[in-house]
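>>> After the sequence you'll find the predicted model.
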Amino acid sequence: MKVGLIVEGNDDEVAIEKLCKKIGIIPEIRKQRGRINVRKACSYAKDLIFKGCKKVIILSDAHCNKEKEKERLQEVYKFCSELKNRIHICIVVNELESWLIADDEALSSYIGCTIKIGNPEEVHDAKGHLRETFKKVGRVYYTTTAREIAERIDINEVLKKCPSFDDFYNRVKDC
């Protein structure tokens, strides 16, 4: 079954594409610029369904307020009421980069030094954390870096440490 994904931007698109491949699916991805716009998400969802996706997942960063973001995105059901059963909302705690820092070994091998994160979903600015970590070892974190880290990740580590990824994984695998 074909799955559509609506994500926030370039960093999310390149990483989620690789993570989905590891899960065993190749999604049809639409990206927005920054925070998910509810009206645009509805339009994108309709387009993805028209193009053969059986389900569309809106994947949004919580930015430290999961419940408020989920409540805000519930508005999509008002604009796409006819697709309510085919659109699903997944909220990443706190941002998609939290999933990228979940596998200490993958991140450590990529950077070239030992990294221990603990609970990645407690890191409120995971992208900033990645940038600072890279800076400390004399490197720069780019959008393409997210893809390279995602390629190294052990999905089981992310599932173990990130309940928001577990939710996403189950929705994707439900296809």
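Thanks, I have it. Numbering: from 1, shown residues only.

>>> what pLDDT does the residue nearest to residue 154 when sequence neighbours are not counted get?
Spatially, and ignoring its direct neighbours in sequence, residue 154 is nearest to residue 103 (5.2 Å; C-beta to C-beta, 6 or more residues apart in numbering). In short, each C-beta sits where N, CA and C put it, glycine included. pLDDT for residue 103: 97.

>>> same question, residue 175
Reported pLDDT at residue 175 in the predicted model: 64.

>>> quick revisit: hmm, residue 158 and the residue nearest to residue 154 touching each other?
Yes: Residue 103 is in contact with residue 158 according to C-beta atoms under 8 Å; the separation is 6.3 Å.

>>> Sketch out the strands for the chain, chain order is fine.
Per DSSP state E, the chain carries strands over the ranges 3-7, 28-31, 55-61, 87-92.

>>> now these as CSV including mean pLDDT and distance to residue 115?
Conversion of these to CSV gives the following (pLDDT from 0 to 100; distance: least, C-beta to C-beta, whole Å):
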stretch, mean pLDDT, distance to residue 115
strand 3-7, 96, 25
strand 28-31, 96, 28
strand 55-61, 96, 21
strand 87-92, 96, 20
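
>>> right, and those strands - which one's nearest residue 112?
Between residue 112 and those, the shortest gap by C-beta to C-beta is with strand 87-92, which sits at 26.7 Å.

>>> Please identify the pairing partners of that closest one and their relative orientation?
Counting by DSSP bridges, the strands paired with strand 87-92 are strand 55-61 (parallel).

>>> Other residues contacting the partner strand?
1, 3-8, 12, 16, 35-36, 41, 44-45, 48-49, 69, 73, 76, 83, 86-92, 94-96, 168, 171-172, 174-175 (C-beta atoms under 8 Å, 6 or more residues apart in numbering).

>>> for residue 12, what are its contacts?
For residue 12, the contacting residues are 31, 59, 61, 96, by C-beta under 8 Å, 6+ apart.

>>> With neighbour count and distance to residue 21 as added columns, please give those in CSV.
Shown next, in CSV, are the contacts of residue 12 (neighbours: other C-beta atoms under 10 Å; distance: C-beta to C-beta, whole Å):
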residue, neighbour count, distance to residue 21
31, 18, 17
59, 24, 15
61, 26, 21
96, 26, 15
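
>>> quick revisit: and the contacts of strand 55-61, which of them are buried?
By neighbour count, with 16 or more other C-beta atoms under 10 Å, these hold 3-8, 12, 16, 36, 41, 44-45, 48-49, 69, 73, 76, 83, 86-92, 94-96, 168, 171-172 as buried.

>>> before we move on, back to that, among the contacts of residue 12, which two are most distant?
Farthest pair in the contacts of residue 12 (C-beta to C-beta) is 31 and 61. Separation: 12.8 Å.

>>> Identify the contacts common to these two.
If you check residue 31 and residue 61 against C-beta under 8 Å, 6+ apart, the residues they both contact are 8, 12.
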